[in-house]
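Peer 1: with the sequence up front, the predicted model follows.
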Amino acid sequence: MKNITRCLCLIAMVLGLGAIQLTAADAKDYQVTGPVLEVAPTYIVIKKGEANWQLAIDKNTKGANVKVGDKVTIHYTMVASDIEVKLAKAAKSEKSDKK
């Protein structure tokens, strides 16, 4: 009985990890290349054309030990941090029904 319980727990863990990897894989990967203008513990600034791009970095960012002047290619994804919902306006047919 203990072996069956352990086996079921192991299967649940593997399926859970697989689900986490699938959601991370759904996010589209982008990249930007340019010279490094500034490096801080929480962000990096690079020059892309005429614009300066500031991208967040953290302890999990691979290759974050760059110096000002290095030319880098940064791979990133866009992830929502907060979603504010505003209700859509009522359709015209609903407004005319209220008259």
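Peer 2: It's in. Keep in mind that what you see is a predicted model, and the values were worked out from it rather than measured.
Peer 1: please make it C-alpha for all contacts and neighbour counts, starting now.
Peer 2: OK.
Peer 1: so where is the chain shaky, pLDDT-wise?
Peer 2: 1-25, 64, 91-99 (pLDDT under 70).
Peer 1: let's go with 80 and repeat that
Peer 2: 1-26, 64-65, 90-99 (pLDDT under 80).
Peer 1: quick one: the strands in it?
Peer 2: Using DSSP state E, the strands of the chain run over 29-39, 43-48, 51-56, 71-77.
Peer 1: which of those is buried the deepest?
Peer 2: Counting by mean count of other C-alpha atoms under 10 Å, strand 43-48 has the highest mean neighbour count of the strands of the chain, with a mean of 18.
Peer 1: could you check the angle strand 71-77 makes with it?
Peer 2: Between strand 43-48 and strand 71-77, the angle comes out at 110 degrees (axes from the mean of the first three to the mean of the last three C-alpha atoms, to 10 degrees).
Peer 1: partners of strand 43-48 in the sheet?
Peer 2: Its sheet considered, strand 43-48 pairs with strand 29-39 (antiparallel), strand 51-56 (antiparallel) by DSSP bridges.
Peer 1: list the contacts of it.
Peer 2: 32-39, 52-58 (C-alpha atoms under 8 Å, 6 or more residues apart in numbering).
Peer 1: before we move on, what about stretch 78-88?
Peer 2: For stretch 78-88, using C-alpha under 8 Å, 6+ apart, the contacting residues are 27-28.
Peer 1: hmm, try it at 10 Å
Peer 2: Residues outside stretch 78-88 that contact it (C-alpha atoms under 10 Å, 6 or more residues apart in numbering): 27-30.
Peer 1: I'd like the residues you listed laid out as CSV, including distance to Ala80.
Peer 2: Shown next, in CSV, are these (distance: C-alpha to C-alpha, whole Å):
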residue, distance to Ala80
Ala27, 11
Lys28, 13
Asp29, 14
Tyr30, 15
